[in-house]
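Participant: Generate a structure from the sequence data that follows.
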Amino acid sequence: MGYNDRNYAQQGFQYGQAPQGYSQPQGYAPQYGDGQPVDLYNSPYAGDLGDAAVLAFTKRVYAYFSAALATATVACLGGMYTVNSLMAAGQKGMVTTLAIGSLIGFFVSYLIVVFMRKNHSPLKVALLFVFASCAGFMTTPLVGAFVNAGMGMTVVAAFGITAVTFFGLTVYTLTTGRDFRNLGGMLMIGLLVLIGVAVMSMFMPATSGLHTLVVIGGIVIFIGFILFDTSMVTRNYFHSNDAVGAAIQLFYDFFALFRYILLLLGDRR
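Facilitator: Now for the predicted structure:
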């Protein structure tokens, strides 16, 4: 039974009325089996993976996410080799240039993907991999520091913990249908506070307690973002048919959580 064949109206489901003056945009992408566009304001859909269209979209999102994660891993390993080679050759300036370039590429590609009006295009997909590559290269100094200190297994452990946490939260959210989108405002406030504390710590005497507080706060916040963005996948992103946008948000959550967990494990050593 397809989505539009289900008699939701008789079951009392209602999203609310469309705002005055609202009209469905032309060329709106998400459609169900009968080819009819989704009405975001009147649709009763609540993230049911039992719908074939929703399941197919979700698989596409996590395929993009997996590919981005593999790209970042390769970029990190390649970055370590490149940095070591350049440092051995005495080309510190080139290392600095690559670091600045990856930072710019990271933020520019992310912002373009997030704000691009097209829901799907070859450029948007390419920018996802640019973002993942820059993220991987940006992780090179942190990972390299652990490896050079003989703590390579700590990196592996951090990645494993991050993967298990991400996978567990994803499965829980998708299979139970819990909607964590109401966490959005709280998470943004928490993130701003975290950034503010991190900036303040740059002008204050360094203390291990403050550093640990920031790291633990980052872990908690990005666990919340995983729940939030996973809920968005089968709802907002599905309605807008934006698989790349969903994948880049999930990858960012994974990337940030990995860094914080790695820092926490490093502090414990």
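Participant: May I ask which helix or strand encompasses Val171?
Facilitator: Remark: Val171 resides in helix 152-176, with elements defined by DSSP states H and E.
Participant: Any chance you could list what contacts that helix?
Facilitator: Here helix 152-176 makes contact (CB atoms under 8 Å, 6 or more residues apart in numbering) with 47, 49, 58, 143, 146-147, 178, 180, 223, 226-227, 230-231, 233-234, 253-254, 257-258, 261-262, 265-266, 269. The way it works is simple: take the backbone N, C-alpha and C, and place the C-beta from them, glycine included.
Participant: hmm, which of those residues are the buried ones?
Facilitator: Applying 16 or more other CB atoms under 10 Å to these, the neighbour count classes 47, 58, 143, 146, 180, 223, 226-227, 230-231, 233-234, 253-254, 257-258, 261-262, 265-266 as buried.
Participant: now, which of those residues lie within strands?
Facilitator: Among the buried ones among the contacts of helix 152-176, no residue falls in strands (DSSP state E).
Participant: Can you name every helix or strand that the helix or strand following the helix holding Val171 contacts?
Facilitator: Counting by DSSP H and E, the next helix or strand C-terminal to helix 152-176 is helix 184-201. If you count contacts as 3 or more CB pairs under 8 Å, 6 or more residues apart in numbering; DSSP states H and E, helix 184-201 packs onto helix 208-232.
Participant: can you list the weak-confidence ranges in the stretch 101-250 of the chain?
Facilitator: 205-208 (pLDDT under 70).
Participant: Run through the helices of the chain in chain order.
Facilitator: 52-88, 92-115, 122-138, 140-148, 152-176, 184-201, 208-232, 238-240, 243-268 (DSSP state H).
Participant: on that earlier part again, which of the residues in the helix holding Val171 are buried?
Facilitator: For helix 152-176, the neighbour count (16+ other CB under 10 Å) marks Thr154, Val155, Ala158, Phe159, Ile161, Thr162, Thr165, Phe166, Leu169, Thr170, Thr173, Leu174 as buried.
Participant: and it with helix 208-232, angle?
Facilitator: 40 degrees (axes from the mean of the first three to the mean of the last three CA atoms, to 10 degrees).
Participant: what's the angle from helix 152-176 to helix 52-88?
Facilitator: Computed by the same axes, to 10 degrees, the angle separating helix 152-176 from helix 52-88 equals 170 degrees.
Participant: Return the distance of helix 152-176 from the chain's centre.
Facilitator: 13 Å (CA atoms, centre = their mean, to the nearest Å).
Participant: Next, the angle from it to helix 243-268.
Facilitator: Using the same axes, to 10 degrees: helix 152-176 against helix 243-268 is 140 degrees.
Participant: What distance do you get for Lys124 to Val130?
Facilitator: Distance from Lys124 to Val130, counting by CB to CB, to the nearest Å: 11 Å.
Participant: joint contacts of these two?
Facilitator: With CB under 8 Å, 6+ apart, Lys124 and Val130 have no common neighbours.
Participant: All set, thanks.
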